[in-house]
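J.: predicted structure and sequence below. I'll ask about it afterward.
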Amino acid sequence: NKVGSITRVGCFAHVRRKFRDGIPKTATTSKSQCEIGKSYCDQLFGIERKIAYLIPEERLEKLPELLQAYLPWSQEIQTKCK
């Protein structure tokens, strides 16, 4: 809080844990929002494992498609929960 001009970002490992904790224990015919969110995180981690050898700029080029799908979904869910 004492450092100015920064952008706060969340850690997807922590986000994934919250999604995992929110998954219903009983089976349903449709995926819960938490299962969908966890799936996004799992996909992201899978991509990161495959591209770990690349320099950061090259890694960034590999993630936008997934993040472009995740961000609108997460904003929609957040709006529904308000």
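T.: That came through fine.
J.: low-confidence ranges in this structure?
T.: When residues are selected by pLDDT under 70, those of the chain lie in 1-3, 6-9, 82.
J.: tell me where it has strands.
T.: Counting by DSSP state E, no segments of the chain form strands.
J.: ok, how many other residues are close to C41?
T.: 19 (other CB atoms under 10 Å). Quick note: C-beta positions are derived from backbone N, CA and C, even for glycine.
J.: that one against F12, yeah?
T.: Yes. Assessed by CB atoms under 8 Å, C41 is found in contact with F12 at 5.2 Å.
J.: which residues are in contact with both of the two?
T.: Residues touching both C41 and F12 (CB atoms under 8 Å, 6 or more residues apart in numbering): none.
J.: now the residue nearest to L67 when sequence neighbours are not counted: how far from R20?
T.: Spatial nearest neighbour of L67, chain neighbours left out: L44 (7.8 Å); criterion: CB to CB, 6 or more residues apart in numbering. According to CB to CB, to the nearest Å, L44 and R20 sit 14 Å apart.
J.: please say which of the two ends up with more neighbours.
T.: For L44 versus R20, neighbours defined as other CB under 10 Å are more numerous around L44 (17 against 14).
J.: and the more buried one, how far from S30?
T.: 22 Å.
J.: cool, Y53 as well?
T.: Distance from Y53 to S30, by CB to CB: 38 Å.
J.: residues near G4, how many?
T.: Using other CB under 10 Å: G4 sits among 5 other residues.
J.: could you do C81 as well?
T.: Around C81 there are 7 other residues, counting by other CB under 10 Å.
J.: quick one on the thing from earlier: test my guess that the residue nearest to L67 contacts C11.
T.: No. L44 lies out of contact with C11 (CB under 8 Å); the separation is 11.5 Å.
J.: list the contacts of E61.
T.: Applying CB under 8 Å, 6+ apart to E61 gives no contacts.
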